[in-house]
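# Sharing a model prediction with you, sequence too.
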Amino acid sequence: MNKRIFLSLFITMLALTNVPASYAKPLQTQMTLDGNLDVDVNKAKVDGNILMVVLTYINASSTDASIKYALKDVYYIDKKDSLKYHVLRDSKKEWLAAPVARGSIARETGIAASPILIKAEGRATVWFRFPAPSPGTKKIDLIVPGILPFDNLALSK
């Protein structure tokens, strides 16, 4: 094998082994209701009494997009006990999620909550903390405004 081919294969192998963790295979993917974005669930993990969920919005189009929605409208349904759980708030009534502005997934501008811009071919990540589901629950239905439901989303421990 000549040096040029070997070097090319070596560089390709290095590139494939250095894929960022955020680009790992998602647990589940849905699209926004308008079809403009794909949304990956990258993490749905129970740790003690908390369920952590991480989403990545992916804009594969050639035009910019944006997201903004109220945190009070984000919840999951415990499939085992048919219970509904909302995003947690701390003792100061602050949402346990990010990025948050004025009770929404948004950016603070100083005078208002502004939608999160997702540039063409760009990404944006958001996260939420919920109360953990009942012991033994292995799947939930996650509901986030503007996205098709994440039905039967498998949880990790």
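Structure's in. What do you need?

# Give me the nearest residue to Asp151, chain neighbours excluded.
Nearest residue to Asp151 in three dimensions, chain neighbours excluded: Asp141, at 5.1 Å (CB to CB, 6 or more residues apart in numbering). Every residue, glycine included, has its C-beta placed from N, CA and C.

# Could you point out the helix or strand that follows the strand or helix carrying the one you found?
Here Asp141 sits within strand 139-143, counting by DSSP states H and E. Next helix or strand after strand 139-143 toward the C-terminus (DSSP H and E): strand 150-154.

# what lines up beside that following strand in the sheet?
If you go by DSSP bridges, strand 150-154 pairs up with strand 139-143 (antiparallel).

# what comes up buried for the strand it pairs with?
The neighbour-count check on strand 139-143 (16 or more other CB atoms under 10 Å) flags 140, 142-143 as buried.

# CA-only coordinates of it in PDB, if you can.
Written as PDB, here are the backbone C-alpha positions of strand 139-143 (Å, rounded to 0.1, in the frame of the first residue of the first chain):
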ATOM      1  CA  LYS A 139     -40.100   3.900  29.600                       C
ATOM      2  CA  ILE A 140     -41.800   7.200  29.600                       C
ATOM      3  CA  ASP A 141     -43.600   9.400  27.100                       C
ATOM      4  CA  LEU A 142     -41.900  12.800  26.900                       C
ATOM      5  CA  ILE A 143     -44.000  15.800  25.800                       C
END
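
# Fine, thanks again, bye for now.
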